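A.B. asks: Quick check, what structure comes out for this input:
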Amino acid sequence: MQSYTKAVVESSCEQAYADVNWDELGFNLIPADYMYIMKCTDGENFSQGALTRYTKLQLDPSAAILNYGQGLLEGLKAQRTKDGRILLFRPEENGLRMKMGAERLCMPSPSLEQFVDSVKQTVLANQHWVPPPGKGSLYVRPLLIGSGPVLRMGPAPEFTFVVYASPVGNLHKGQMSMKLVIQDKSHRATPGGTGGIKSITNYSPVFKPISEAKSSGFSDILFLDAATGKFIEEASSCNVFTVKGNVISTPALQDTILPGITRKSIIDIALSFKYQVEECLLMVEDVMDADEVFCTGTAVGVTPVGSVTYQGKRCEYKTGEDTVTERLRARLEAIQIGTAEDDFGWTSTLNQA
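C.D. replies: As a prediction, the model looks like this:
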């Protein structure tokens, strides 16, 4: 496997870039050449995996992932710097979050070392798919699924870990800011459920309300807590922040809110800038009264919110230059693309320029 990996990486190095129109890059799947795969049986640990050409997975119709939704996903990005290096951003955090989710769903998970190594191998094997500086990033998607067959409801007897990748541009390409609507008829997560982990089952239940919101001209939904309907939790796939004066607020983590890695990073950056950061119960009124609102996530990065609509009332927020949002976004992006000193130790270089 190691010799195969070396051959794949050396072959990838010979080609600077894949044949892609980088200027037109959106957030759609363009499968990179190689993926990483590793398997284990229930009660055992994952052993050494291997790179293979990107291909379809073979699954039994009774696989636990297909019948009972036993699966987790992660997402992280690799960026190319102006001097040709490829940087990976905080993969250890994704590995730790997957371990937390796997415990919740009764699955074994790769060790932290295995997780990070598999991500690095996948990126290096597909390094010619990492867009040129300023054109996008290589989105890396680790999956952990119950691939073994089951009929009676319960954990799978076999599990598969896969890492694949795709070059992507901006998720909201062409939009300077997001237009959000607060939804009080459906909920993303419920107390005691799986909203705090990246369970595969968290996402399709919001497809319908998101589709309805987009047909009405909104970018996404801000979901309220299911218990009281008074507190903002998050959007469909990203965390939310408000800015009021020198105070930056975000919903406190609980089992209905995903512990976003971009969220965590922005909090640290904000504190380094001497802002006051509050992780709290964020009421609807707090959002409607804010100076600025922004969302964070691997896909959205740090994206300003131009407006939030609730029960027919629309509030607009400051966006663009000279905003707190832009200051935070610029700092995070500069670290991720290597144009600023990484004082936090978040990035790792995968190749030599």
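
A.B. asks: In CSV, list the C-alpha atoms belonging to stretch 155-162.
C.D. replies: Listed next in CSV are the C-alpha coordinates belonging to stretch 155-162 (Å, rounded to 0.1, in the frame of the first residue of the first chain):
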residue,chain,number,x,y,z
PRO,A,155,-25.5,-1.8,14.7
ALA,A,156,-23.9,-3.2,11.5
PRO,A,157,-21.4,-6.1,11.7
GLU,A,158,-19.0,-4.3,9.4
PHE,A,159,-18.0,-0.7,9.0
THR,A,160,-16.4,1.2,6.1
PHE,A,161,-14.4,4.5,6.3
VAL,A,162,-14.0,6.4,3.1
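
A.B. asks: Pull out the buried residues from that stretch.
C.D. replies: Going by neighbour count (16 or more other CB atoms under 10 Å), the buried part of stretch 155-162 is 155, 156, 158, 159, 160, 161, 162. Every C-beta, even on glycine, is put in place using the N, C-alpha and C of the backbone.

A.B. asks: likewise stretch 338-347?
C.D. replies: Within stretch 338-347, the residues that qualify as buried by neighbour count (16+ other CB under 10 Å) are 338, 346, 347.

A.B. asks: same question, stretch 196-209
C.D. replies: With burial defined by 16+ other CB under 10 Å, the residues of stretch 196-209 counted as buried are 196, 197, 198, 199, 200, 202, 206, 209.

A.B. asks: How about stretch 91-101?
C.D. replies: Buried, per 16+ other CB under 10 Å, within stretch 91-101: 91, 92, 93, 94, 95, 96, 97, 98, 99, 101.

A.B. asks: circling back to that earlier point, may I see the buried residues of stretch 196-209 arranged in TSV, with secondary structure as well?
C.D. replies: What follows is the buried residues of stretch 196-209, written out as TSV (DSSP: H, G, I helix; E, B strand; the rest coil):
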residue	secondary structure
196	coil
197	coil
198	coil
199	strand
200	helix
202	helix
206	helix
209	helix
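
A.B. asks: I'd like to know which of the residues you listed is nearest to residue 120.
C.D. replies: Each of the buried residues of stretch 196-209 was scored against residue 120 by CB to CB, and residue 198 proved nearest at 20.1 Å.

A.B. asks: Is it correct that the closest one is in contact with residue 74?
C.D. replies: Yes: taking contacts as CB atoms under 8 Å, residue 198 lies within contact range of residue 74: 6.1 Å.

A.B. asks: what's the overlap in contacts for the two?
C.D. replies: Taking CB atoms under 8 Å, 6 or more residues apart in numbering as the contact rule, the neighbours common to residue 198 and residue 74 are 97, 98.

A.B. asks: Could I get the full set of helices for the stretch 251-353 of the chain?
C.D. replies: 261-272, 284-288, 324-336 (DSSP state H, counting those that start in this stretch).

A.B. asks: where are the low-confidence patches of the stretch 151-300 of the chain?
C.D. replies: Low-confidence segments of the stretch 151-300 of the chain, defined by pLDDT under 70, span residues 171-175.

A.B. asks: neighbours of residue 217, just the number please.
C.D. replies: When neighbours are defined as other CB atoms under 10 Å, residue 217 has 9 of them.

A.B. asks: Tell me who's in contact with it.
C.D. replies: So residue 217 contacts residue 179 (CB under 8 Å, 6+ apart).

A.B. asks: Could you tell me the phi and psi values at it?
C.D. replies: The phi and psi values for residue 217, taken as degrees, to the nearest 10, are phi 100, psi 10.

A.B. asks: What segments of the stretch 1-150 of the chain are strands?
C.D. replies: Listed in chain order, the strands of the stretch 1-150 of the chain (DSSP state E, counting those that start in this stretch) span residues 34-41, 50-53, 71-73, 76-80, 86-89, 137-146.

A.B. asks: Tabulate these in TSV, adding columns for distance to residue 259, mean pLDDT and mean neighbour count.
C.D. replies: Compiled in TSV, these are given as follows (distance: least, CB to CB, whole Å; pLDDT from 0 to 100; neighbours: other CB atoms under 10 Å):
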stretch	distance to residue 259	mean pLDDT	mean neighbour count
strand 34-41	24	96	19
strand 50-53	30	98	15
strand 71-73	14	98	23
strand 76-80	14	97	24
strand 86-89	16	97	23
strand 137-146	16	98	24
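
A.B. asks: Same list (the ones you listed) but as JSON lines, adding distance to residue 244.
C.D. replies: Listed next are those as JSON lines, based on distance: least, CB to CB, whole Å:
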{"stretch": "strand 34-41", "distance to residue 244": "44"}
{"stretch": "strand 50-53", "distance to residue 244": "48"}
{"stretch": "strand 71-73", "distance to residue 244": "34"}
{"stretch": "strand 76-80", "distance to residue 244": "30"}
{"stretch": "strand 86-89", "distance to residue 244": "28"}
{"stretch": "strand 137-146", "distance to residue 244": "31"}
